[in-house]
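Enquirer: below are the sequence and a predicted model; questions follow.
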Amino acid sequence: GENVEQHPSTLSVQEGDSAVIKCTYSDSASNYFPWYKQELGKRPQLIIDIRSNVGEKKDQRIAVTLNKTAKHFSLHITETQPEDSAVYFCAAPESSGNTGKLIFGQGTTLQVKP
Amino acid sequence: KAGVTQTPRYLIKTRGQQVTLSCSPISGHRSVSWYQQTPGQGLQFLFEYFSETQRNKGNFPGRFSGRQFSNSRSEMNVSTLELGDSALYLCASSPVRTYEQYFGPGTRLTVT
């Protein structure tokens, strides 16, 4: 089955700086990679995802890049703001085609200092 | 559309008791997955139901069980509660044949 590793576990940046969180996966057949943001006391929210047939996807200040050869994908947040402070999780399906089971990374706590 | 809802939001139970949690998916979503979230273990997959059938199962003991009804609402049950079952239990729903999962607010279970 799939194994997802996420780094770093904590990240502190100054407002306006960029933040990068990286995840590696083990199953080369994996084809879907979502990122979730979980604010304190709230539910995880899907903020961006990427499929294996593209290398990069952007949505305003956030972007995700995928390197299939190296089996890693990264979340990039530019011009960080205090409201970006949250725990971010990456994930991948347990196996290709298995749409019901996601394997999550351990999470990254991002702190944006004003 | 209304989002995923879960009831109750908070529960306090005693060791040895059992508990039932409920999840109502987004209208039209037929898949419901359950996850346990703890500070030490992160988000761990419990099971997934689709069309009233368990389609996936995680590595949890048999004390954890679930079911899904014809209207796609799902319940999970934990019997003989242990202190280590204290966690946030999240359900997520998905449309048919997609990977996207949308989470509910969770049920915070405390076992004393």
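Expert: All right, it came through fine. Numbering: from 1, shown residues only, chains lettered A, B, ... in the order given.

Enquirer: dump the residue contacts of the residue of chain A found nearest chain B.
Expert: The minimum distance from chain A to chain B, using CB to the nearest CB, falls at residue A:100 (3.6 Å). No exception for glycine: its C-beta is placed from N, CA and C like everyone else's. By CB atoms under 8 Å, 6 or more residues apart in numbering or on different chains, the contact list for residue A:100 reads B:31, B:33, B:48, B:50, B:55, B:56, B:94.

Enquirer: which residues in chain B form strands?
Expert: Assigned strands in chain B, in chain order: B:5-7, B:10-13, B:19-24, B:31-38, B:42-50, B:53-57, B:64-68, B:74-78, B:87-94, B:102-103, B:107-111 (criterion: DSSP state E).

Enquirer: would you turn those into a markdown table with mean neighbour count?
Expert: Output for these, formatted as a markdown table (neighbours: other CB atoms under 10 Å in any protein chain shown):
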| stretch | mean neighbour count |
| --- | --- |
| strand B:5-7 | 16 |
| strand B:10-13 | 14 |
| strand B:19-24 | 20 |
| strand B:31-38 | 23 |
| strand B:42-50 | 22 |
| strand B:53-57 | 14 |
| strand B:64-68 | 19 |
| strand B:74-78 | 20 |
| strand B:87-94 | 24 |
| strand B:102-103 | 22 |
| strand B:107-111 | 18 |
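
Enquirer: export the ones you listed to JSON lines and tack on mean pLDDT and distance to residue A:68?
Expert: JSON lines is the format used below for those (pLDDT from 0 to 100; distance: least, CB to CB, whole Å):
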{"stretch": "strand B:5-7", "mean pLDDT": "98", "distance to residue A:68": "36"}
{"stretch": "strand B:10-13", "mean pLDDT": "98", "distance to residue A:68": "42"}
{"stretch": "strand B:19-24", "mean pLDDT": "98", "distance to residue A:68": "34"}
{"stretch": "strand B:31-38", "mean pLDDT": "96", "distance to residue A:68": "25"}
{"stretch": "strand B:42-50", "mean pLDDT": "94", "distance to residue A:68": "24"}
{"stretch": "strand B:53-57", "mean pLDDT": "92", "distance to residue A:68": "24"}
{"stretch": "strand B:64-68", "mean pLDDT": "97", "distance to residue A:68": "34"}
{"stretch": "strand B:74-78", "mean pLDDT": "98", "distance to residue A:68": "34"}
{"stretch": "strand B:87-94", "mean pLDDT": "97", "distance to residue A:68": "24"}
{"stretch": "strand B:102-103", "mean pLDDT": "96", "distance to residue A:68": "26"}
{"stretch": "strand B:107-111", "mean pLDDT": "98", "distance to residue A:68": "37"}
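
Enquirer: if we can go back for a sec, closest one to residue B:107 out of the contacts of residue A:100, please.
Expert: residue B:33 (14.5 Å; CB to CB).

Enquirer: beta partners for the closest residue in space to the closest one that isn't next to it in sequence?
Expert: If the residues on either side of it in the chain are set aside, residue B:33 comes closest to residue B:48, at 4.2 Å by CB to CB, 6 or more residues apart in numbering or on different chains. Legend: beta-bridge partners of residue B:48 under DSSP bridges are residue B:33, residue B:56.
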